[in-house]
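Mind folding the following:
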Amino acid sequence: MQLMKLIKLKSLLLTFLGVNTVELRGRSASLCRLGTRFVSAAKGCRPTIWYVSVLNSTVLSLGAAVVLLTTVSSIGVAGDAKSVAQAATKVGEWQSFKIEDIEKLIRIETWRDDRGNNEIKVLKNLGMIQTYFDQRMHDFNQSHDAHKIIKFEWKGTDNDPTDKQYWVFGYRAGNGPRKVSLLTHLDTVAYGNYDWKPFDPRVEDRTYNGKKTPFLIGRGSIDDKGPAIVAFEVLTRALDSASNNPHALDGVTLEVLFDTSEETDMSTPHYFHQFPHEKPKLGIVFDAAWCVRAEKGMERPVFTVNSSDVAAAPSTALSIAKLVTSPGPVNMIPSTAVAYITGPAKNLETFATQVMDKYKKYPFDDPKYNRAEIKVGLSKDKKEVFITAFVKGAQHGSAPQENRASGANPVVSLTNFLAFLVDDGTLANNNNGEMTRFIRWAFGTHVFGETHQELLSRYDPVFEHGNGTTYALTKLEPVDDGKGIELKVDIRYAIGHQDAGWDGKAEGLLTGKSLFNNVFDKLLQQYNNKRKLVTFKTRNLAAPDIRLPDNANLGQVKKAYQAVMGKECPLKAIGGGTDAKGNLELVAAGALFTDSLAPPINFHGIGEGAPLIDLENSGKILLNLFQRELK
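Take a look at the predicted model:
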């Protein structure tokens, strides 16, 4: 009788909490730890209930499961967002198994090099991750009868002229016409350097929002392997909560979709292009922050200086023989930029001893500019001096303003300084020297186009002042066996750089074309001054994408956020280019609860880390969203 009363009490509590509660799915019956955070310390222990205060709690063992029950006085009703939010910040029961699973994925390297030379290895490693999720699906289906997870997959070229292979796969349950999807990706940007042990995941405390917070450190922890694990967990927990209702999925399909090349050429848009009927009615692109209502346009220009267009330096002078940045995609501020200086041995030795002093004294165009740290070396044969500049701070190409505010872009610092050395005669000019002079003239140390405002600077009511068109200088590469040099720039642009503008009513991608062909034509006419020094080509990736604040799909996300966090979801206009762009069915949301991509998170950067509380609360919001779809 007492047992029946307890079961009824448990049922009452589940009803009381509504969509905000999930049962324990324990691998064992042991409760590893109970306190202000309910975290399992033992490997394999699967924690239990969400969103319940641990005050006045009683732990009951019912058969093979441990159930945490809380007296009614310490539980808020489903509509009491404040009490839910308070509990959400206290309970850490996601973190034990979540950390273990994310760590598995971090150890599997899935970054692509600039030229695709490691593609075979990347595909093999992505296959290993797919096998991991297949096993999780199998384990779930073995222990559940009411609702089964099935796998889906697509590989194809989408009529790509180069026969580029795109690949997405995922898992779903139900077969109803209303599909609700969580979209993440499993590839990452390059590691930057190995000093921070990017594939050796670990947990450490970092100061976040003014207090010490546990972070999971490793490449992909926040972008996007951590969110991928959370998304799959949300699917299984949603199905768990409906295990006693065989009709819960009537009319609905719940889905998790994984992109395998989001950081490079984005497979998901090609999948939807090939199969428009596979688009969800509501999809959450779980690869940004809560909550995104607008994304800037994306442009990728390449500026080139060829040795045939600039006189070679005399052999008796010092000159820049090579400029190169560390491996990484265009949307990542590089970890290093290196200049190789050649010339007469005696002059090189003297120059090597002078560089640091010259660099410290060089007056950048802004006295408040944070210059990058540099290191100077002389080769053993004394035929080459190398100057290496190191990144500091944020590295995501969509937010160079964050890097400039408290860090340093090595490309910017090094090239501005080298241009000065060319101008004062320390270095003779050549095509590499001309590139440094162009960079200093066109961009200086600025990121909002301040050097040529009439052409480069734009902001508007959506992408406001301080969040307008940005220019991240991310790659320097020798081309044609060193006979030329290329500068690649990651541009995220505001409405004013699209020729059609915005009427304030239309949603989705802006119509028309970007203005950058015309912009760079005019810019280079000024710089070249009837000479042929710098050339360019540019490619538009996407126009700005804008959603109205009362957008229906965005509204569903806002409801789930409000229910869990107890406050309205802030609506952000960001530079990031997510898979949501161009698809009104998709909304970019989570996993971050901050505007900043800089340290301690350092999205795309050295020391990338995921605040565990953000992953946990994101999981709760997404579970709330999924459970609202269940009958």
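
So residue 426, which state does it fall into?
coil (DSSP: H, G, I helix; E, B strand; the rest coil).

How much space separates it from residue 347?
Residue 426 sits 10 Å away from residue 347, going by CB to CB, to the nearest Å. Where C-beta positions appear, they are placed from N, C-alpha and C, glycine not excepted.

So what's the gap between stretch 436-453 and the chain middle?
Offset of stretch 436-453 from its chain centre (CA atoms, centre = their mean, to the nearest Å): 26 Å.

Can you give me the buried ones in it?
Buried residues in stretch 436-453, counted by 16 or more other CB atoms under 10 Å: 436-440, 442-449, 451-452.

which residues are contacting stretch 422-441?
Stretch 422-441 has contacts (CB atoms under 8 Å, 6 or more residues apart in numbering) with 303, 305-307, 309-314, 317-323, 339, 341, 351, 358, 365, 411-412, 415-416, 418-421, 451, 473, 476, 483-485, 487, 527, 533-534.

hang on, the earlier thing: what residues are shared contacts of residue 426 and residue 347?
Counting by CB under 8 Å, 6+ apart, the residues touching both residue 426 and residue 347 are residue 318.

what about residue 369, neighbour count?
17 (other CB atoms under 10 Å).

May I have the residues that are in contact with it?
404, 445.

ditto for the one 5 residues further on
Taking CB under 8 Å, 6+ apart as the criterion, residue 374 is in contact with 355-356, 359, 387-390, 413-414.

surely residue 125 meets residue 107?
No: Residue 125 lies out of contact with residue 107 (CB atoms under 8 Å); the separation is 9.7 Å.

neighbour count winner among these two?
residue 125 (19 against 15).

What spatial separation is found between that one and residue 199?
With CB to CB as the criterion, residue 125 and residue 199 are 11 Å apart.

for residue 380, same thing?
31 Å.

For the two, work out which one has more neighbours and name it.
residue 199 (16 against 7).

doesn't residue 110 make contact with the more buried one?
No: between residue 199 and residue 110 there is no contact under CB under 8 Å: 10.1 Å.

How many residues are close by residue 512?
Residue 512: 12 neighbours (other CB under 10 Å).

Equivalent analysis for the one 5 residues further on, please.
A count of neighbours around residue 517, defined by other CB under 10 Å, yields 15.

Which residues are in contact with the residue nearest to residue 447 when sequence neighbours are not counted?
Leaving out its chain neighbours, the residue that sits closest to residue 447 by CB to CB, 6 or more residues apart in numbering is residue 400, at 4.1 Å. Residue 400 makes contacts with 333, 394, 409, 447, 470-473, 490, as judged by CB under 8 Å, 6+ apart.

For residue 505, give me the backbone phi and psi.
Phi and psi for residue 505, reported as degrees, to the nearest 10, are phi -120, psi -40.

State which helix of this protein is the longest.
helix 119-143 (DSSP state H).

Buried residues of that helix, list them for me.
Within helix 119-143, the residues that count as buried by 16+ other CB under 10 Å are 122, 125-126, 129-130, 132-133, 136-137, 140.

next one: stretch 246-261
Within stretch 246-261, the residues that qualify as buried by neighbour count (16+ other CB under 10 Å) are 248-249, 252-261.

Give me the below-cutoff pLDDT ranges for this protein.
Scanning the chain for pLDDT under 70 picks out the ranges 1-97.

where's the residue nearest the centre of it, which helix or strand?
The residue lying closest to the centre of the chain (CA atoms, centre = their mean) is residue 223, at 4.4 Å. Using DSSP states H and E, residue 223 is not contained in any helix or strand.

quick one: the helices in the stretch 201-350 of the chain?
225-241, 267-274, 345-361 (DSSP state H, counting those that start in this stretch).

quick one on the thing from earlier: what touches both of residue 199 and residue 110?
Common neighbours of residue 199 and residue 110, using CB under 8 Å, 6+ apart, do not exist here.

circling back: derive a ChimeraX selection command for the buried subset of the contacts of residue 374.
Buried members of those, defined by 16+ other CB under 10 Å, are picked up in ChimeraX with:
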select :355,359,387,388,389,390,413,414
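
Residue 462: which of the contacts of residue 374 is nearest?
Relative to residue 462, the closest of the contacts of residue 374 is residue 413; by CB to CB it sits at 31.6 Å.

tell me the SS of the closest one?
State at residue 413, reduced to three classes by three-state DSSP: helix.

For the closest residue to it other than its chain neighbours, which residues are in contact?
Once flanking residues are discounted, residue 413 sits nearest to residue 372: 3.7 Å by CB to CB, 6+ apart. Residues counted as contacts of residue 372 (CB under 8 Å, 6+ apart) are 389-392, 408-410, 412-414.

again, only this time at 6 Å
Contact analysis of residue 372 by CB atoms under 6 Å, 6 or more residues apart in numbering lists 389-390, 408, 410, 413.

so can I have TSV of those showing distance to residue 624 and secondary structure?
Below are the contacts of residue 372 laid out as TSV (distance: CB to CB, whole Å; DSSP: H, G, I helix; E, B strand; the rest coil):
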residue	distance to residue 624	secondary structure
389	46	strand
390	43	strand
408	41	strand
410	43	helix
413	45	helix
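
biggest separation within those, which pair?
390 and 413 (9.1 Å).

re the thing from before, nearest to residue 459, of the contacts of residue 372?
Looking across the contacts of residue 372 and measuring by CB to CB, the closest to residue 459 is residue 408, at 23.8 Å.

my guess is the closest one meets residue 390, correct?
No: contact criterion CB atoms under 6 Å: residue 408 and residue 390 do not qualify, at 8.0 Å.

picking up where we left off before, and the contacts of stretch 422-441, which are buried?
For the contacts of stretch 422-441, a burial check counting by 16+ other CB under 10 Å picks out 303, 305-307, 309-310, 313, 317-323, 339, 341, 351, 411-412, 415-416, 418-421, 451, 473, 476, 484-485, 487, 527, 533-534.

What helix or strand is residue 375 located in?
Assigned by DSSP H and E, residue 375 belongs to strand 373-378.

and the angle for that strand with helix 345-361?
Counting by axes from the mean of the first three to the mean of the last three CA atoms, to 10 degrees, strand 373-378 lies at 170 degrees to helix 345-361.

Sheet partners, orientation included, of strand 373-378?
Strand 373-378 sits in its sheet next to strand 385-390 (antiparallel), going by DSSP bridges.

okay, the partner strand in PDB with CA atoms only?
Taking Å, rounded to 0.1, in the frame of the first residue of the first chain, the C-alpha atoms of strand 385-390 are listed here in PDB:
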ATOM      1  CA  VAL A 385      64.900  35.300 -40.200                       C
ATOM      2  CA  PHE A 386      61.400  34.200 -39.300                       C
ATOM      3  CA  ILE A 387      58.900  36.400 -37.400                       C
ATOM      4  CA  THR A 388      56.000  34.600 -35.900                       C
ATOM      5  CA  ALA A 389      52.900  36.500 -34.600                       C
ATOM      6  CA  PHE A 390      50.600  34.700 -32.200                       C
END
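
So what pairs up with residue 390 in the strands?
Applying DSSP bridges to residue 390 gives these bridge partners: residue 336, residue 373.

my read: it touches residue 407, true?
No: counting by CB under 6 Å, residue 390 does not reach residue 407; the two are 10.3 Å apart.

what do those two both touch?
With contacts defined as CB under 6 Å, 6+ apart, no residue is shared by residue 390 and residue 407.

before we move on, back to that, redo the buried residues of helix 119-143 as JSON lines? Include distance to residue 297.
Shown next, in JSON lines, are the buried residues of helix 119-143 (distance: CB to CB, whole Å):
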{"residue": "122", "distance to residue 297": "28"}
{"residue": "125", "distance to residue 297": "32"}
{"residue": "126", "distance to residue 297": "29"}
{"residue": "129", "distance to residue 297": "32"}
{"residue": "130", "distance to residue 297": "33"}
{"residue": "132", "distance to residue 297": "36"}
{"residue": "133", "distance to residue 297": "34"}
{"residue": "136", "distance to residue 297": "38"}
{"residue": "137", "distance to residue 297": "38"}
{"residue": "140", "distance to residue 297": "41"}
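
which stretches of the stretch 151-300 of the chain form strands?
166-173, 178-185, 202-208, 211-217, 252-259, 282-285, 288-289, 292-295, 297-306 (DSSP state E, counting those that start in this stretch).
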